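Q: The sequence and its predicted three-dimensional model are supplied below.
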Amino acid sequence: MSDENEVSEATADEPAAVAGDDTKAAYSIHKTVTQLLGDRAGDVRNAVVKHLVDEKLEERKQMVLKGLSKLKEAKLAVTKAEKAGTVYDASGKALPSQYTKPQVDEIKKAKEAVTKLENAIEQALTNANYDKLAGLVK
């Protein structure tokens, strides 16, 4: 009644097999794989969670690095603005700095940027609050 080339009926857990194939070994492998995957459902969940956490950590790391870069730029801006007000006497000795109103405003703005970045980086690294830093590094 059965032909050698006839396909056997398969259940949900069994693969369809052609008569004459080594179906017992194939079925055993399939059943073992299915069982092991079923037993590792928690591992899949943990791997997905780990992947998402790693992505978020990378995003935060990049945010802190951008913040540090902007902080360096802001400190250089303060130094540059302060140097603009330096005057020298005839012997080359620096005299007390004198600034114009726009220079004072520029120094003030640069120092505020430094303070904001320092505070935002501190909040990010100590309290895991990245909101302010995210706004400053956009």
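A: Looks like it came in fine. Being a predicted model, the structure only gives us computed values, none of them experimental.
Q: and residue 43, which of the three is it?
A: For residue 43, the assignment made with DSSP: H, G, I helix; E, B strand; the rest coil gives helix.
Q: How many residues are close by it?
A: Residue 43 sits with 11 neighbouring residues when counted by other Cβ atoms under 10 Å. (C-beta placed from N, C-alpha, C; glycine too.)
Q: if I look at it, how far off is residue 37?
A: With distances taken as Cβ to Cβ, to the nearest Å, residue 43 is found 9 Å from residue 37.
Q: And for residue 83?
A: In terms of Cβ to Cβ, residue 83 sits 66 Å off from residue 37.
Q: Could you find the closest non-adjacent residue to residue 95?
A: residue 87 (4.9 Å; Cβ to Cβ, 6 or more residues apart in numbering).
Q: right, and the one you found touches residue 99 too?
A: No - taking contacts as Cβ atoms under 8 Å, residue 87 lies outside contact range of residue 99: 10.2 Å.
Q: Those two: which has the busier surroundings?
A: Between residue 87 and residue 99, residue 99 has the larger neighbour count (other Cβ under 10 Å), namely 15 against 9.
Q: any idea which element residue 38 lies in?
A: helix 23-39 (DSSP states H and E).
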